[in-house]
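Student: No sequence on hand, only this structure:
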């Protein structure tokens, strides 16, 4: 376990490069936009399924 941690820290120091501030800001905007779109899509599907289930039970109970 200790070897794994040492190797992970070494890899972070030697092989990982951080993006520039401008690139990080652009990526943040992209992630935010796709998160909002995905949330809206999930809300839409949930709303449709909710209506379908409601219609089904209204039909079955009446």
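Tutor: Everything's here; your move. Just so it is clear, the structure is predicted and the values come from calculations on it, not from any experiment.
Student: centre of the chain versus stretch 30-49, how much separation?
Tutor: Mean-position distance between stretch 30-49 and its chain equals 10 Å (Cα atoms, centre = their mean, to the nearest Å).
Student: Also stretch 40-51?
Tutor: Centre-to-centre, stretch 40-51 and its host chain are 17 Å apart (Cα atoms, centre = their mean).
Student: quick one: contacts of it?
Tutor: Outside stretch 40-51, not one residue touches it by Cβ atoms under 8 Å, 6 or more residues apart in numbering. C-beta coordinates here come from the backbone N, C-alpha and C atoms, glycine included.
Student: Torsion angles phi and psi at residue 20?
Tutor: phi -70, psi 170 (degrees, to the nearest 10).
Student: in the chain, which spans are helices?
Tutor: Remark: helices assigned in the chain by DSSP state H are 2-15, 21-61.
Student: Let me see the mean pLDDT of the last one.
Tutor: Along helix 21-61, the predicted local confidence has a mean pLDDT of 97.
Student: Please shift the residue numbers so they start at 87 in all later answers.
Tutor: Will do, 87 is the new start, and the previous item becomes helix 107-147.
Student: Spatially central residue in this structure, please.
Tutor: residue 121 (5.9 Å; Cα atoms, centre = their mean).
Student: dump the residue contacts of that residue.
Tutor: Taking Cβ under 8 Å, 6+ apart, one finds nothing in contact with residue 121.
Student: Then residue 113?
Tutor: Residues near residue 113 by Cβ under 8 Å, 6+ apart: residue 105.
Student: I'd like the distance between it and residue 131.
Tutor: 27 Å (Cβ to Cβ, to the nearest Å).
Student: same deal with residue 93?
Tutor: 43 Å.
Student: cool, and residue 146?
Tutor: Look at residue 146 and residue 131: by Cβ to Cβ, they are 22 Å apart.
Student: between those two, which one's more packed in?
Tutor: residue 131 (10 against 7; other Cβ atoms under 10 Å).
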